[in-house]
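In: Please work out how this folds:
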Amino acid sequence: MPRFLHISDIHLGYDRYDNKERTKDFFLALQDVIRKYAIAEKVDFVVIAGDLFEHRSLQPNILNQAKVCFQELHEADIPAIAIEGNHDNRPYGTKTSWLRYLADWYGLILLEPGDTALGEPLYEPWNPDEKRGGYIDLDCGVRVIGSQWYGASAPKAIAQLAEAIYALPTPTAHTIMLFHHGLEGQIARYQGALRYTDLLPLKQAGVEYLALGHIHKNYEEQGWIFNPGSLEANNIDETSYKRGAYLVEINSAGIHADLKQDYYQRPALRLKLTTRGQESLEELEESAIALVQQAIQTRKIDPSAQPMMELRIEGQVGFDRLELDTRKLQQALKQLSNALIFLLKYDVDSVEYASPLSDEASRLQIEQDIFTDLLTANNVYKKRAPNLAQGLIELKDLQLQGRSEAELYTFVESLMNQSAQ
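Out: Residues are numbered from 1 along each chain as shown. Down below sits the predicted model:
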């Protein structure tokens with residue numbers, strides 16, 4: 001009864017938020033998963049279905065993170081088998097990569113189909129001396145077949161791969177294939193996803209377990225296609241995705257794939273504040289602070305864990321939307337929550353009023369209505385809008401008469417005092 005760990009989309013070196021602690025999270029997640037669900041569970045092997053790294057070019061510390069994890073597996077006598085993904089595949093026209101380096105020097109089994117354009121067979125068995133091959137037959141009775149990142153040409157490539165799998169020597173017991181691509185219908189706005197029928201030739205060729213990667217959300221299909229999702233959320237939107245690592249056992253009853261999610265992950269919380277257009281600027285800021293305080297009090301977040309947080313403010317505001325100092329508010333909320341990263345999304349519209357104007361309205365009436373609408377849209381002035389609108393017309397007339405700045409200032413001061421009474 002072979003048992004293995006299926007992971008994908010680890011993205012070591014992820015640096016979207018330019019935060020070293022956040023980048024380290026991806027290493028800690030991988031290390032914890034390997035210790036809990038590979039070494040402690042004494043699996044026969046580990047498969048990585050693409051995107052071990054976030055980038056093709058690596059900083060030394062990111063390469064060292066991979067070395068540490070593979071060394072722990074090596075000491076536990078657990079083979080690590082991987083394929084390239086779209087993030088860490090070899091640049092076009094080159095024959096080397098950091099994955100190839102890890103295969104050459106640190107025991108990673110990197111499965112790579114041959115280049116048929118150069119006359120190479122698509123699938124050769126893994127050669128431990130040359131550290132090359134497209135598939136490997138393991139002592140536990142499992143054949144693991146590799147692939148590469150095919151992009152838009154994936155449907156055509158699948159047909160060729162299936163034909164090559166047919167031609168391989170008969171496997172001892174079970175066949176697993178690693179493939180980095182996504183299935184349609186799993187996430188929105190994903191161009192180039194495969195249809196289920198595109199993958200069927202692989203099943204017909206004898207693949208019992210298709211170990212997918214690429215989409216960061218967990219899904220399964222028809223009892224033979226499995227995608228664990230990424231180990232860590234790559235952005236705040238992905239924090240709502242179900243994802244993890246598959247601990248898999250194949251026996252006479254079939255495939256049992258258990259998605260494991262209890263491992264190190266940065267806690268995250270998304271909040272939303274909807275405005276109605278009645279709040280003042282100060283009231284809006286107070287509401288945002290109160291919302292974060294409530295999350296702390298109800299233990300939705302633990303400030304000591306330095307979570308990732310997002311607050312989305314949406315709706316209408318009764319003031320010029322640019323009056324809110326979003327940077328200052330974001331910093332205050334970050335300090336209050338002790339968040340490692342705090343994202344403030346400010347997506348509001350200013351309240352607008354448009355009084356109906358008749359075709360016979362005079363210029364004076366049009367000015368009066370426009371000034372009144374503008375003032376009514378601001379919570380500070382809306383109760384005094386008619387008086388202030390008339391005052392603005394008078395102020396305009398004084399300006400046209402050439403009155404001095406001092407006189408205009410005195411008029412405005414008097415207007416504001418009178419309207420406040």
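
In: ok, which stretches of the stretch 201-350 of the chain are strands?
Out: For the stretch 201-350 of the chain, the strands defined by DSSP state E, counting those that start in this stretch cover 209-213, 219-221, 225-227, 245-251, 254-260, 268-276, 308-317, 341-350.

In: Make a markdown table out of those and add mean neighbour count, mean pLDDT and distance to G146.
Out: From N, CA and C alone the C-beta is placed, and that goes for glycine too. Shown next, in a markdown table, are those (neighbours: other C-beta atoms under 10 Å; pLDDT from 0 to 100; distance: least, C-beta to C-beta, whole Å):
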| stretch | mean neighbour count | mean pLDDT | distance to G146 |
| --- | --- | --- | --- |
| strand 209-213 | 26 | 98 | 10 |
| strand 219-221 | 16 | 97 | 21 |
| strand 225-227 | 23 | 98 | 16 |
| strand 245-251 | 21 | 96 | 17 |
| strand 254-260 | 15 | 97 | 20 |
| strand 268-276 | 16 | 95 | 33 |
| strand 308-317 | 20 | 94 | 34 |
| strand 341-350 | 16 | 91 | 36 |
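
In: JSON lines please, covering those and showing distance to G182.
Out: Below are the strands of the stretch 201-350 of the chain laid out as JSON lines (distance: least, C-beta to C-beta, whole Å):
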{"stretch": "strand 209-213", "distance to G182": "8"}
{"stretch": "strand 219-221", "distance to G182": "9"}
{"stretch": "strand 225-227", "distance to G182": "8"}
{"stretch": "strand 245-251", "distance to G182": "16"}
{"stretch": "strand 254-260", "distance to G182": "17"}
{"stretch": "strand 268-276", "distance to G182": "23"}
{"stretch": "strand 308-317", "distance to G182": "24"}
{"stretch": "strand 341-350", "distance to G182": "26"}
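
In: Of all the ones you listed, which one comes closest to N19?
Out: For those, the distance to N19 is smallest for strand 341-350, at 6.2 Å, taking C-beta to C-beta.

In: Neighbouring strands of that closest one in the sheet, and parallel or not?
Out: strand 308-317 (parallel) (DSSP bridges).

In: CA-only coordinates of the strand it pairs with, as CSV, when you get a sec.
Out: Presented in CSV, the C-alpha positions along strand 308-317 are these (Å, rounded to 0.1, in the frame of the first residue of the first chain):
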residue,chain,number,x,y,z
MET,A,308,-2.4,39.7,7.1
MET,A,309,-5.4,42.0,6.9
GLU,A,310,-7.5,43.8,4.4
LEU,A,311,-10.2,46.4,5.0
ARG,A,312,-12.4,47.3,2.0
ILE,A,313,-14.3,50.6,2.3
GLU,A,314,-17.0,50.8,-0.3
GLY,A,315,-20.3,52.7,-0.9
GLN,A,316,-20.9,56.5,-0.9
VAL,A,317,-19.4,59.3,1.2
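
In: Residues in contact with that strand: which ones?
Out: 22, 233, 236, 239, 266-277, 279, 281, 284, 288, 291-292, 301, 324, 333-334, 337, 339-351 (C-beta atoms under 8 Å, 6 or more residues apart in numbering).

In: hmm, back to that, for V33, find the nearest of the strands of the stretch 201-350 of the chain.
Out: That would be, of the strands of the stretch 201-350 of the chain and by C-beta to C-beta, strand 245-251, which comes in at 4.8 Å.

In: I'd like to know which elements that closest one is packed against.
Out: In terms of contacts (3 or more C-beta pairs under 8 Å, 6 or more residues apart in numbering; DSSP states H and E), strand 245-251 is packed against strand 3-7, strand 254-260.
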